[in-house]
Every structure is written in structure tokens, then in C-alpha cells.
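Chemist: Here is a sequence with its predicted model. Questions after.
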Amino acid sequence: MNWRLASRLSVVTLAILVVVIVSIFTANRQANGVTASTSSTTSTSSQLQGTDLGGSPAPNFQLKDQNGKQISLAQFKGKPVVLTFLYTHCPDACPLTAEKLHASMVQLGSAAANVGVVAVSTDPVRDTAQAAQAFSKSHRMTDYWHYLIGSHQQLSPVWSSYRVYAQPVDAKKGTVMHSSAVFVIDKQGNERVFLGDDFTSDQLTADLKTLLQE
């Protein structure tokens, strides 16, 4: 009789222990879920999507665009700016980024005129004015962005300022290994969020609409 009672008590104790462990595990998972959700929201106040950059001033620079016009980042003060780094002979990521940028500009409609879009070359050798014009036309960005080009000496300080890696990997094919980067900058010229190569045009459009209203 005592043995049976002890056995039953052991079973009950084990069951209670299992319930406690499961409860603790579930609570931890929920807590982690809240943490992950919070970290993926870049700005609680503005609800921007992307990696929060803290609002530090975006480094200024000045280069010529595809039409030979001198362009500086500072000249866009008063407008949100999309800053990216591309090269015209890129076989995959860069054309996709250009298409997403075009889709976002179309989604903004007339408001796109109040947004600055700047693409900085990561290929000083092959990104000539002619190549930049052709790439812009191919991706329907001629009227939306400034594709900035220059020599390695002119471009490399800009790459460094934005922590962008750019290095040719195949001279014959003209391929360049570079960071996929889209920086979203606010009207005051402050870096707000960073978008990786998996960003969507909807995310970028939403961020720009938020910044246009600030």
C-alpha cells in the first residue's frame, strides 16, 4: 500500500515538474519573440523598416552623375534620400536593386519628385558615363536617380565612408565583389535605416512615405 502511494506521488510530482518546465520554456520563447520583434523595428517612434542606423549624419561627398552634372549628397537637404552602391555590368543583385527602386518610385507617384535617389558606382573602370546612361535607361531610372561615377581615387573615399566593400574579382568578365547596401537618409541628412539586398519595394516605399511626412 505504501509502495503504491509512493508510486502515485512520484507520478504526480513528475507531472507537476513537466508542467513547470514547459511553462518556463514557453515563457522564454515568448520573451525571445518580443525581443526579436523589438529589434527588427528600427525606430519605435517612426516605425521605419530596416536596420536602425541611429540617426547619425550621413557623410557628404561630391561626384559627377551619368550626365556629367556635379552632384553632392548635401544638395538633397530637405528631401529623404535613397543611397545605394551598384555597378552597370553586375549580372544579378544590382539590376534587381534598380528594379526595386523603380517600383518604389512608381508607387510614390508624384511624391517621388520629393525624394533623392543616388547610386554610387563600385566599378570605376567599366562604369563610364555611357554605361551609366544605358543602365539607367534599361531600368527606367533615368528620370529618378543620379548614377555617380568617377575614378578609383574619387570613389574609394565614399565607399569607406559608408563601410562598403568594392573589389574586382574577374577582370575578363568585369565582375566586382561589393557590399549590397541601401541607405535611407532623412530630410535633415541623417542616416536612418539600412536595407539589405532582400528588401522589397513596398518596404522602401513605406519608409519614404514616413520620412516625407516628418
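Modeler: Perfect, thanks for sending it. From a predicted model like this one, the values you see are computed outputs, not experimental measurements. Numbers count the residues shown, from 1 in each chain.
Chemist: Identify the residues contacting stretch 185-196?
Modeler: 42-43, 46, 48-58, 60, 73-74, 76-83, 180-184, 203-204, 207, 211, 214 (CB atoms under 8 Å, 6 or more residues apart in numbering). Every C-beta, even on glycine, is put in place using the N, C-alpha and C of the backbone.
Chemist: So for it, first residue to last residue, what's the gap.
Modeler: Using CA to CA, to the nearest Å, the gap from the first to the last residue of stretch 185-196 comes to 15 Å.
Chemist: What residues sit buried inside that stretch?
Modeler: With burial defined by 16 or more other CB atoms under 10 Å, the residues of stretch 185-196 counted as buried are 185, 186, 187, 189, 191, 192, 193, 194, 195.
Chemist: number of nearby residues for the residue lying closest to residue 98 once chain neighbours are set aside?
Modeler: Counting by CB to CB, 6 or more residues apart in numbering, residue 98 lies nearest to residue 139, which is 3.8 Å off, once chain neighbours are set aside. By the criterion of other CB atoms under 10 Å, residue 139 has 22 neighbours.
Chemist: At which residues are the strands of the chain located?
Modeler: Listed in chain order, the strands of the chain (DSSP state E) span residues 51-52, 62-64, 70-72, 81-86, 116-121, 145-148, 166-170, 175-178, 182-185, 191-195.
Chemist: before we move on, back to that, show me what contacts the residue nearest to residue 98?
Modeler: Remark: with contacts taken as CB under 8 Å, 6+ apart, residue 139 is in contact with 95, 98, 99, 101, 102.
Chemist: Derive a PyMOL selection command for the buried subset of the residues you listed.
Modeler: The PyMOL selection below is limited to those of the contacts of residue 139 classed as buried (16+ other CB under 10 Å):
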select buried, resi 98+101+102
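Chemist: still on that earlier bit, tell me the spacing between the residue nearest to residue 98 and residue 86.
Modeler: Separation of residue 139 from residue 86 (CB to CB, to the nearest Å) stands at 10 Å.
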